[in-house]
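Trainee: below are the sequence and a predicted model for it; my questions follow.
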Amino acid sequence: MRKLALACLVALTACGAPPTTNSPTPARPAPADSANRIPTSRAVANFKAVVADVEPVAERECRARARGLNCDFRIVVDDRPNQPPNAFQTVDKAGRPILAFNLALIADVRNRDELAFVMGHEAAHHINGHLGRQQTNAMTGALILGGLAAITGASQGAVRTATDLGASVGARSYSKDYELEADALGTVITKKAGYNPVRGAEYFTQIPDPGDRFLGTHPPNAQRIETVRRVSNSM
């Protein structure tokens, strides 16, 4: 569970990309000029410590909140070169949850609190069932727009285009809510693991603020930080 990710990071060798189906919207990447950064030995040590602290807490919260859900998190490192800092959650073909972090993100975070918060946030996506809900929304959107195009007598190509657009709109329609839900539960996981989620959420100050764009995948950074403060203060 933990050994694969840590062995890969320490040696900085290829672990390969994690097995995926579809994943919820990944953590919004930082600017591309961070893409070539390699974790220092201190960053590697921080990653080890955070995995050891956060993973068991995330699994306990998962089992307490989502009965019947696979809570055996597998943490892996995506070591593809020239990638902007990123983390994401997905599941493998057997349904086991995967939390993936690339080298640039591990190098980019400024402290253990930020890394713990990102890890808690991604675990929360799985616990809250966001992947399945996003897939359902995408399917619904595809059926609606594709069906409307077919009813109007559109060509097969136009129907396919409408179906693809509907899937995209459907998948994105609730993504801001999902991100805020993951921020809230991620705050709980981070704090229970012994880290400061408010300090961890300061990672948002390093990445572009999406504002409140129509169908944007992430909510405004200020709204996310306020969510973290509110949940943390209530604990």
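Mentor: Received it, and whenever you're ready, just let me know what you need.

Trainee: my read: Gln83 touches Ile106, true?
Mentor: No - shown here, Gln83 and Ile106 do not form a contact pair, counting by C-beta atoms under 8 Å, at 11.5 Å. No exception for glycine: its C-beta is placed from N, CA and C like everyone else's.

Trainee: buried ones in stretch 50-69?
Mentor: Applying a neighbour-count criterion of 16 or more other C-beta atoms under 10 Å, the buried positions in stretch 50-69 are 50-51, 53-55, 57-59, 61-62.

Trainee: neighbour count: Gln83 and Ile106, which is higher?
Mentor: Ile106 (25 against 17; other C-beta atoms under 10 Å).

Trainee: could you point out the longest helix of this protein?
Mentor: helix 41-65 (DSSP state H).

Trainee: got the contact list for it?
Mentor: With C-beta atoms under 8 Å, 6 or more residues apart in numbering as the test, helix 41-65 has contacts from 1-2, 5-6, 9-10, 39, 69, 71-73, 75, 101, 106-107, 109, 111-112, 115-116, 119-120, 123, 126-127, 185, 188-190, 192-195.

Trainee: if you set the cut-off to 6 Å instead, what comes out?
Mentor: Residues outside helix 41-65 that contact it (C-beta atoms under 6 Å, 6 or more residues apart in numbering): 2, 6, 9, 71, 73, 75, 106-107, 112, 115-116, 119, 123, 127, 189, 192-194.

Trainee: which SSE is immediately downstream of that helix?
Mentor: Per DSSP states H and E, the first helix or strand lying C-terminal to helix 41-65 is strand 74-78.

Trainee: list the helices and strands the following helix or strand past that following strand packs on?
Mentor: Using DSSP H and E, the helix or strand that follows strand 74-78 in sequence is strand 87-91. For strand 87-91, the elements it packs on are strand 97-102, helix 112-127, judged by 3 or more C-beta pairs under 6 Å, 6 or more residues apart in numbering; DSSP states H and E.

Trainee: paired strands for strand 87-91, with orientation please.
Mentor: Strand 87-91 pairs in its sheet with strand 97-102 (antiparallel), by DSSP bridges.

Trainee: now the partner strand against strand 74-78, angle please.
Mentor: Strand 97-102 runs at 30 degrees relative to strand 74-78, counting by axes from the mean of the first three to the mean of the last three C-alpha atoms, to 10 degrees.

Trainee: output strand 97-102 as PDB, nothing but the C-alphas.
Mentor: Extracted as PDB, the C-alpha positions of strand 97-102 are listed here (Å, rounded to 0.1, in the frame of the first residue of the first chain):
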ATOM      1  CA  PRO A  97      -8.800   3.800  -4.700                       C
ATOM      2  CA  ILE A  98      -5.600   5.400  -6.000                       C
ATOM      3  CA  LEU A  99      -4.100   8.700  -4.800                       C
ATOM      4  CA  ALA A 100      -1.500   9.900  -7.200                       C
ATOM      5  CA  PHE A 101       1.000  12.700  -6.700                       C
ATOM      6  CA  ASN A 102       3.500  13.800  -9.300                       C
END
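
Trainee: neighbours of the nearest residue to Phe73 once chain neighbours are set aside, how many?
Mentor: Nearest residue to Phe73 in three dimensions, chain neighbours excluded: Pro97, at 5.2 Å (C-beta to C-beta, 6 or more residues apart in numbering). The tally of other residues near Pro97 (other C-beta under 10 Å) stands at 24.

Trainee: same deal with the one 10 residues further on?
Mentor: Residues lying near Ala107 (other C-beta under 10 Å) number 18.

Trainee: so where does it fall, helix or strand?
Mentor: Per DSSP H and E: helix 103-108 holds Ala107.

Trainee: now that helix: average pLDDT?
Mentor: Helix 103-108 comes out with an average pLDDT of 93.
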